[in-house]
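Undergrad: Turn this into a structure:
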Amino acid sequence: MAFLELDGLVKHFSSFVAVDGLSLSVERGEFVSLLGPSGCGKTTTLHMIAGFQEPSAGSISVDGVDIVDVPVNKRDIGIVFQNYALFPHMTVADNVGFGLDMRRVAKATRDARVRRALEQVHLEALAGRYPKELSGGQQQRVALARALVIEPKILLLDEPLSNLDAKLREDMQIELKLLQRELGITTILVTHDQNEAMALSDRIAVMHGGRIVQLDAPYQGYEHPETPFVAGFLGKANLFDIAAASEAIDWSRIAQSGGPDVSATLGKRGALLCVRPEKMAFCSPEEAYLSGVVATRIFLGASWLYQIKVAQFGTILVAEQNRSASDKVEGSAVHLRWEPEHAALIPGDGQ
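TA: Just a heads-up that it's a prediction; the model follows:
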């Protein structure tokens, strides 16, 4: 049995179904992200695990024990919120020790655990400061230390990095992952940021309409999306309608070169081939699967991103690593191909 087990969770708000029969098994020490757009049910799911919301149906068990009827303060769960929720009138040390005070932990033990928690997030030198005297990143670390100091069985993270600037967010992602690995704590992250989910997670549960539509390791989910929604939400994707493109692309040649065999899907409505922008390559006319014209090019530092107008498909995206200045100006005619094994088949008709 998994350490954390969500079985058939449902949550209604009047006639609105926020979570619709969600099941998820999480192993001890695993880091799982609930990823999806606003309104998909990910935060509601997190709140049911924490005990802030009661499920309309279904069960939640930790280490084989159903906790649906267990009060919030008895669940041994630490949570870090998006806005950190620090007490402005308390010092860093007192904020971190608040949960221990509520549990009536002896002062000597409490002080030792607070020191250890602050050391874990590299804030021991700031124990006497107040939240207003800290940067956003430091406040986030205090909130994390407060969640960890109670030594919870599970750590819940509710978009904890979304208020940080891009550089600090990347730094904190690395530190958070290292700390989670060091402590071996079972962690559930709620986020709408696919890069964050892929950087931190052992597995990602992509959610849509109150359900998990794909659960996979980051690489597997990115390289082999099972639905158009997952393909478009886990990064950028070019989705080629196989039936509509049967005259534009020689699918049999692609299959013979090691790509997916689409012959069984040619007559199925909605069958798609997914090719990520970074897997597209510029080539000679003789090698090309597609030809088009550069509509826009954008310099992103590490790469160039192009919008290419292709007669058969409209606008597609191509990403090229920045090795030199780009010679593909807007209006340039270009020819494109991809390695066949880099394409993912998304069958149509609900498959």
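Undergrad: What degree of burial does the closest residue to E226 other than its chain neighbours show, as a neighbour count?
TA: Nearest non-adjacent residue to E226, counting by C-beta to C-beta, 6 or more residues apart in numbering: Q214, 5.0 Å away. Quick note: C-beta positions are derived from backbone N, CA and C, even for glycine. Here the number of neighbours of Q214 (other C-beta atoms under 10 Å) works out to 21.
Undergrad: so where do the helices sit in this protein?
TA: Taking DSSP state H as the criterion, the chain carries its helices at 42-50, 92-102, 107-120, 136-149, 166-183, 194-200, 218-223, 228-233, 251-256.
Undergrad: on that earlier part again, how near is the residue nearest to E226 to N83?
TA: Per C-beta to C-beta, to the nearest Å, Q214 is found 30 Å from N83.
Undergrad: L161 touches D171, doesn't it?
TA: No. Assessed by C-beta atoms under 8 Å, L161 is found out of contact with D171, at 9.8 Å.
Undergrad: When these two are compared, which one has more neighbours?
TA: Between L161 and D171, counted using other C-beta under 10 Å, the more crowded position is L161 (23 against 13).
Undergrad: Mind pulling up the pLDDT for the residue nearest to the more buried one when sequence neighbours are not counted?
TA: In space, and not counting its chain neighbours, L161 is closest to R169: 4.8 Å by C-beta to C-beta, 6+ apart. For R169, the model assigns a pLDDT of 86.
Undergrad: Can you report how many residues lie near R169?
TA: For R169, using other C-beta under 10 Å, the count is 20.
Undergrad: Please apply the same query to the one 5 residues further on.
TA: As a burial measure, I174 scores 11 neighbours (other C-beta under 10 Å).
Undergrad: Could you do T186 as well?
TA: A count of neighbours around T186, defined by other C-beta under 10 Å, yields 24.
Undergrad: correct me, but it touches V26?
TA: Yes. Counting by C-beta under 8 Å, T186 touches V26, with 6.1 Å between them.
Undergrad: shared neighbours, these two?
TA: 3-4 (C-beta atoms under 8 Å, 6 or more residues apart in numbering).
Undergrad: Return the residues in contact with G184.
TA: Counted by C-beta under 8 Å, 6+ apart, G184 has contacts 28-29.
Undergrad: Look at it and report its pLDDT.
TA: With respect to pLDDT, G184 has a value of 93.
Undergrad: how far away is P285 from V334?
TA: P285 sits 10 Å away from V334, going by C-beta to C-beta.
Undergrad: Between these two, which contacts overlap?
TA: S291.
Undergrad: And the two? Which one has more around it.
TA: Set side by side, P285 and V334 show more neighbours around V334, with 19 against 9, by other C-beta under 10 Å.
Undergrad: Tell me, how many residues neighbour the closest residue to P152 other than its chain neighbours?
TA: Spatial nearest neighbour of P152, chain neighbours left out: G78 (3.7 Å); criterion: C-beta to C-beta, 6+ apart. Neighbourhood size, G78 [other C-beta under 10 Å]: 24.
Undergrad: That'll do, ta.
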